[in-house]
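Engineer: Okay, here's the prediction I keep looking at, along with the sequence it came from:
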Amino acid sequence: MTEHSPRYFETDAAVAHVGEGLLACTLQRPEWTHEAHLAATTYLLLKRPEIDLDRELPGLIRRFNESVGGVNSDTEGYHETITRVFLHGVRLFLEEADPDAPLHELVNELLVSPMGRRDWPLRFYSRERLMSADARRTFIEPDLRALP
């Protein structure tokens, strides 16, 4: 697996900025990083429980991508399987996390956890399967091992 140095969040407000920015399509495109995806997901799970992420997250990400000039196609933009795998990973992380910890500390802990690694889905999927157009369009089951 590849090494990465995550970009950390300094404050809860920085995490809220990403989460609310996704909802309002007010983030700048460069702000929409891997870390921002995980921070937004964590924020929405913990602070916006009225949003059904299983149902609404795909549309939120697609809409944001389009708002900054991105394209959601078979080769770029929204990726259903990766989104579902990381949503699952964030939930796994939060099951074990300290619910009283500051939000930015939770996000930073997530980013250095196995579930926060950019390559976490590759523990369960071959690169070929994960990067396929089918995996981008719909959730597909792992081919290496089951998700925890």
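Structural biologist: Done, it's in. Just so we're clear, the structure is a prediction, and the values are computed from it rather than from any experiment.
Engineer: going forward, measure contacts and count neighbours with C-alpha atoms only.
Structural biologist: Fine.
Engineer: tell me the pLDDT at Thr2?
Structural biologist: The pLDDT attached to Thr2 in the predicted structure is 51.
Engineer: Numbering from 58 from now on, please.
Structural biologist: OK, 58 is where the count begins now, so the last one is Thr59.
Engineer: can you map out the helices along this structure?
Structural biologist: Along the chain, counting by DSSP state H, helices occupy 69-81, 91-104, 110-124, 137-153, 160-169, 184-187, 190-194.
Engineer: Which one of the ones you listed lies nearest to Ala203?
Structural biologist: helix 137-153 (10.9 Å; Cα to Cα).
Engineer: what comes up buried for the closest one?
Structural biologist: By neighbour count, and taking 16 or more other Cα atoms under 10 Å as the criterion, the buried residues in helix 137-153 are 137-148, 150-151.
Engineer: which of these sit farthest apart?
Structural biologist: The largest distance within these, taken as Cα to Cα, falls between Glu137 and Leu151 and amounts to 21.1 Å.
Engineer: coming back round to it: got TSV for the helices of the chain, with mean pLDDT and distance to Pro63 too?
Structural biologist: As requested, the helices of the chain are exported to TSV (pLDDT from 0 to 100; distance: least, Cα to Cα, whole Å):
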stretch	mean pLDDT	distance to Pro63
helix 69-81	98	14
helix 91-104	98	7
helix 110-124	97	21
helix 137-153	98	15
helix 160-169	98	6
helix 184-187	98	22
helix 190-194	97	24
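Engineer: Format these as CSV; extra columns: distance to Arg202.
Structural biologist: Rendered in CSV, the data for the helices of the chain read as follows (distance: least, Cα to Cα, whole Å):
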stretch, distance to Arg202
helix 69-81, 31
helix 91-104, 23
helix 110-124, 22
helix 137-153, 13
helix 160-169, 22
helix 184-187, 13
helix 190-194, 16
